[in-house]
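>>> coordinates only, sequence not included:
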């Protein structure tokens, strides 16, 4: 059996009397899109936050390529190669696309200009941004020097995805990437997700949108009451059955 | 996004035909200082036509001197406002540091340079206190600086004993900013020159360093910046401390300008600096603007007051003109912010 890229076992997270995660497991295999679905309060967000370093689980273990890791901040997770596209996108609207791609990890000029005068390598960052956008086939964005606030919702999402794809070396996590988008823009973002996977980066996709999940996911992780209820194959399980398992109306098939 | 890889992508439909107004909106969006620069240029031309004395070297020198103190404060105010903050205590920090510099030097006979550096240290510490209150206690900057405005002013009255320190009792270094050199027939004070250098340095830092970018993004969207791995509390702390240091530089310019250190000086300079920043095209909501704009904003106010005075307009109408400018500038900012692709 192949080693999962990212594996969580027995994660527990309590907020006072509320137990958000009650021994949750997760396995992300190399090169796959793993969708995580679940009703509100099933612990999807807490699970993802634990994996991306935004919260520290009370119990349980996270393994990255088989090695135990512990993240106390999102920066730790990022350094380990796990990039997250947050639902809020985490982009700075007044800065341009290139600046946003490199936000928080800007490249400095070489030599004295960089070390003494702390000058940014604007040209280098723009070129790299251009390359990243081209690599993902984001053609509707013409100029990396364009301010993000002049972009449409789908284009902003594309910028956030491009940032994650550019810096994520191990895993990309996407939290509800199509939630705020129209039909055409959703289409484009789903294509982007497939492209990221095709470049060899495994993706964890959190979504409420069943048609989107069934379209792109290789496996579907169904979260219920703070635990992993089942992992199903979208080709062999119907959408309504997945929803039934998610809401507890049906027991999962045994050979999941 | 499918098969256009070989040829350059077609422009988005919305970008093909734009009205003149939309194009103007985009231009101002990309270059926030163009608006204020045009206003300044038009004002200079109009006032030069109204009064022959307006463009004389003596009058230009006067405007620059009048603008130097508020302009310097506005540099510090700009970086605070870029983080979506506001600093009402800038004038109080300036007056307090001017008193510290002057009184230490006049009272203990400390030479000019250590007195000056002590003042810079006090200004930085005052700014740091503002920054700590904003980041640690998570209080709104308006409230923090409204409080410290009163605290710093009270400390200033206590330390100075409400007495003015005469320039003749101070080392000459503290008065250097009021000295002039002759540039092209116009006498320019070192305080004015220092302002221009300060603006140039700050503009460079904001544009070309990661710190500068983080200042903009922190003001633009605090949460997004945090998620992007920026230590936003540290950015805010450094911004308020740097602003404090700049207010201490303004204190030095103030001593040179009035050739003394008065605990009652600069009472409305905090609002005047905010006026300069806003007229200069920096958004009060943070994340958008430029320090060069604030210098232009300070110059616009100076030119309006001076030009209207030369044209024989009563001071109350000068004040009204400044008020109208503020409203126009903020309305313009709101409109520019609605820009779309």
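Here it is on my side, so go on. The structure displayed is predicted, hence computed values, not measured ones.
>>> only C-alpha atoms from now on, for both contacts and neighbour counts.
OK.
>>> and what about residue A:10, helix, strand or coil?
strand (DSSP: H, G, I helix; E, B strand; the rest coil).
>>> how many neighbouring residues does the residue of the stretch 151-300 of chain B found nearest chain A have?
In the stretch 151-300 of chain B, the residue that lies nearest chain A is residue B:224 (3.7 Å; C-alpha to the nearest C-alpha). Residue B:224 has 20 neighbours, counted by other C-alpha atoms under 10 Å in any protein chain shown.
>>> close to chain B: what parts of the stretch 151-256 of chain A are there?
A:151, A:152, A:188 (C-alpha under 8 Å from any C-alpha of the partner chain).
>>> what's the helix or strand harbouring the last one in contact with?
Going back to what we said before, that points to residue A:188. Element membership for residue A:188 (DSSP states H and E) is helix A:183-198. Helix A:183-198 has contacts (C-alpha atoms under 8 Å, 6 or more residues apart in numbering or on different chains) with A:31-33, A:136, A:153-154, A:157-158, A:161, A:165, A:177-178, A:202-203, A:212, A:216, B:1.
>>> among the residues you listed, which lie within helices?
A:153, A:154, A:157, A:158, A:161, A:165, A:212, A:216 (DSSP state H).
>>> which two among these are spaced furthest apart?
A:153 and A:216 (20.6 Å; C-alpha to C-alpha).
>>> show me which of the residues of the stretch 151-256 of chain A next to chain B is closest to chain B.
Distances from chain B to these, taken by C-alpha to the nearest C-alpha, are shortest for residue A:151, at 5.7 Å.
>>> check what pLDDT residue B:190 gets.
As predicted, residue B:190 sits at a pLDDT of 94.
>>> now do the contacts for it.
Applying C-alpha under 8 Å, 6+ apart, the residues near residue B:190 are B:176, B:177, B:178, B:179, B:180, B:181.
>>> go with 6 Å
When contacts are counted by C-alpha atoms under 6 Å, 6 or more residues apart in numbering or on different chains, residue B:190 touches B:177, B:180.
>>> now it: how far from residue A:39?
68 Å (C-alpha to C-alpha, to the nearest Å).
>>> over to residue A:49?
17 Å.
>>> quick one, which of those two is more surrounded?
Each of residue A:49 and residue A:39 had its neighbours counted (other C-alpha under 10 Å), and the higher figure belongs to residue A:49 (19 against 16).
>>> check what pLDDT the closest residue to residue B:290 other than its chain neighbours gets.
Excluding its sequence neighbours, the residue lying closest to residue B:290 (C-alpha to C-alpha, 6 or more residues apart in numbering or on different chains) is residue B:282, at 6.2 Å. You'll see residue B:282 listed with a pLDDT of 92.
>>> for burial, what's the neighbour tally of residue B:282?
29.
>>> quick check, it in contact with residue B:289.
Yes: counting by C-alpha atoms under 6 Å, residue B:289 is a contact partner of residue B:282 at 3.8 Å.
>>> quick one: mean pLDDT over stretch B:66-81.
Averaged across stretch B:66-81, pLDDT comes to 97.
>>> what comes into contact with it?
The contact list for stretch B:66-81, computed with C-alpha under 6 Å, 6+ apart, reads B:86, B:192, B:195, B:243, B:246-247, B:250, B:254, B:273, B:277, B:284, B:286, B:295, B:298, B:302.
>>> residue B:152: what's it in contact with?
Counting by C-alpha under 6 Å, 6+ apart, residue B:152 makes contact with residue B:92.
>>> quick check: buried residues in the strand or helix carrying it?
Using DSSP H and E, residue B:152 sits in helix B:141-160. Using 16 or more other C-alpha atoms under 10 Å in any protein chain shown as the test for burial, helix B:141-160 gives B:141, B:144, B:145, B:148, B:149, B:152, B:153, B:154, B:156, B:157, B:160.
>>> which other helices and strands contact whichever helix or strand comes after that helix?
Tracing the chain C-terminally past helix B:141-160 and defining elements by DSSP H and E, one meets strand B:165-166 next. If contacts are counted by 3 or more C-alpha pairs under 6 Å, 6 or more residues apart in numbering or on different chains; DSSP states H and E, strand B:165-166 sits against strand B:260-261.
>>> pairing partners for the strand it packs on, with directions?
Strand B:260-261 sits in its sheet next to strand B:165-166 (antiparallel), going by DSSP bridges.
>>> how near is the residue nearest the centre of chain B to chain A?
The centroid of chain B falls nearest to residue B:74 when counting by C-alpha atoms, centre = their mean (1.1 Å). Plainly put, residue B:74 is 22 Å away from chain A if you go by C-alpha to the nearest C-alpha, to the nearest Å.
>>> between the helix or strand where that residue lies and helix B:141-160, how many degrees?
Residue B:74 is located in helix B:57-82, with elements delineated by DSSP H and E. Helix B:57-82 and helix B:141-160 are oriented at 120 degrees to each other (axes from the mean of the first three to the mean of the last three C-alpha atoms, to 10 degrees).
>>> by contact count, what packs against the following helix or strand past helix B:57-82?
Using DSSP H and E, the next helix or strand after helix B:57-82 towards the C-terminus is helix B:90-108. Judged by 3+ C-alpha pairs under 6 Å, 6+ apart, the packing partners of helix B:90-108 are helix B:112-135, helix B:141-160, helix B:232-258, helix B:269-279.
>>> would CSV of the ones you listed with mean pLDDT be doable?
Shown next, in CSV, are those (pLDDT from 0 to 100):
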stretch, mean pLDDT
helix B:112-135, 97
helix B:141-160, 96
helix B:232-258, 96
helix B:269-279, 94
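>>> for residue B:39, find the nearest of these.
helix B:269-279 (9.7 Å).
>>> contacts for that closest one?
If you take C-alpha under 6 Å, 6+ apart as the criterion, helix B:269-279 is touched by B:70, B:73, B:74, B:78, B:88, B:90, B:91, B:294, B:297, B:298, B:326, B:329.
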